[in-house]
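In: 3D, please:
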Amino acid sequence: MIERRLSEQRGLGNHGWLHSRHTFSFANYWDPKQTGFSDLLVINDDQVAPGRGFGSHAHSNMEIISYVLERALAHKDSMGTGSVIVPGDVQLMSAGSGVTHSEFNHSAQEDVHFLQIWVVPEENGTEPGYQQVSVAEAEKRGRLRLIVSPDGQQNSLRIRQDVKIYAGLFNGDEQQTFALDDSRYAYIHVARGSITVNGTLFKAGDGARVRDEDTLIFSGGNDAEVLLFDLRPLEVNHPTR
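Out: Okay, here's the model as predicted:
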């Protein structure tokens, strides 16, 4: 079963300098039917104005992934990490027992567009950590490339939960058939463009919960950038944050 959720059904946060669409309940957006899916808690589609951003703030017991779609995001944290994340980069911060960080638009002229993704860890109170990897466009072109996994296979970032995240770029005749264990759940998020999955059209910002499916066919992409989350089969009502 593929349960689609359209882009316009997402929550909206508009703060002038920040325009954010929330796939799941977040901050002032609350929908009791949209409190995450399995261990996936947050997908925020953020656009931040030039020179603006999120000042230093604290997190704990969360796996936080930043995925830049356009331009560049500057990151600093209490672990001493400082980096600039650009399209093709994937960043994973394991907040563990506690970390503070800031994220700012690296440009003084243009918005930065990125996804912030939160995954609930399998264990609380662990030592904080930071990872970043750059994935070439060719590795995602016409296929779903593993970017996050529990064991770091295929040069993916190592996450502290039983979840795998794939990213792919599809255009024209490019197609992939993805075999999914039918005992697992999945979540599809279309970050840009449009694509057909199992005969259903998805546009930018659309997503879907996937249950009881063993095959997902991605085809007919129109400059599509897609994320696929392979998740434990859990139905969890996450508390507010």
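In: got a list of what the closest residue to F114 other than its chain neighbours touches?
Out: Sequence neighbours aside, V68 is the residue nearest to F114 in space, at 4.4 Å (criterion: Cβ to Cβ, 6 or more residues apart in numbering). Glycine gets a C-beta too; all of them are placed from N, C-alpha and C. Listed by Cβ atoms under 8 Å, 6 or more residues apart in numbering, the contact set of V68 reads 85-89, 112-114.
In: can you rerun that using 7 Å?
Out: By Cβ atoms under 7 Å, 6 or more residues apart in numbering, the residues touching V68 are 85-87, 89, 112, 114.
In: what of D151?
Out: R158.
In: helices or strands next to the longest strand along the chain in the packing?
Out: In the chain, taking DSSP state E as the definition, the longest strand is strand 215-231. Under the contact criterion of 3 or more Cβ pairs under 7 Å, 6 or more residues apart in numbering; DSSP states H and E, strand 215-231 touches strand 164-170, strand 176-179, strand 185-197.
In: where does pLDDT dip in the protein?
Out: Applying pLDDT under 70 to the chain flags residues 239-241.
In: just want the most central residue of it.
Out: Compute the mean C-alpha point of the chain, and by Cα atoms, centre = their mean the closest residue is I117, 4.1 Å away.
In: ok but N44 is inside a strand, no?
Out: Yes - counting by DSSP: H, G, I helix; E, B strand; the rest coil, one finds N44 located in a strand.
In: quick one on the thing from earlier: list the buried residues for the longest strand of the chain?
Out: 216, 218-221, 224-231 (16 or more other Cβ atoms under 10 Å).
In: angle of it against strand 164-170?
Out: 140 degrees (axes from the mean of the first three to the mean of the last three Cα atoms, to 10 degrees).
In: who's H189 bridged to?
Out: G207, L227 (DSSP bridges).
In: before we move on, the earlier item: identify the residues contacting the longest strand of the chain?
Out: 37-40, 69, 144, 163-172, 174-180, 184-198.
In: any idea how far G11 is from R5?
Out: From G11 across to R5, the span is 11 Å (Cβ to Cβ, to the nearest Å).
In: Y185: neighbouring residues, count only.
Out: 23 (other Cβ atoms under 10 Å).
In: still on that earlier bit, nearest to A58, of the buried residues of strand 215-231?
Out: The closest of the buried residues of strand 215-231 to A58 turns out to be F229 (Cβ to Cβ; 25.5 Å).
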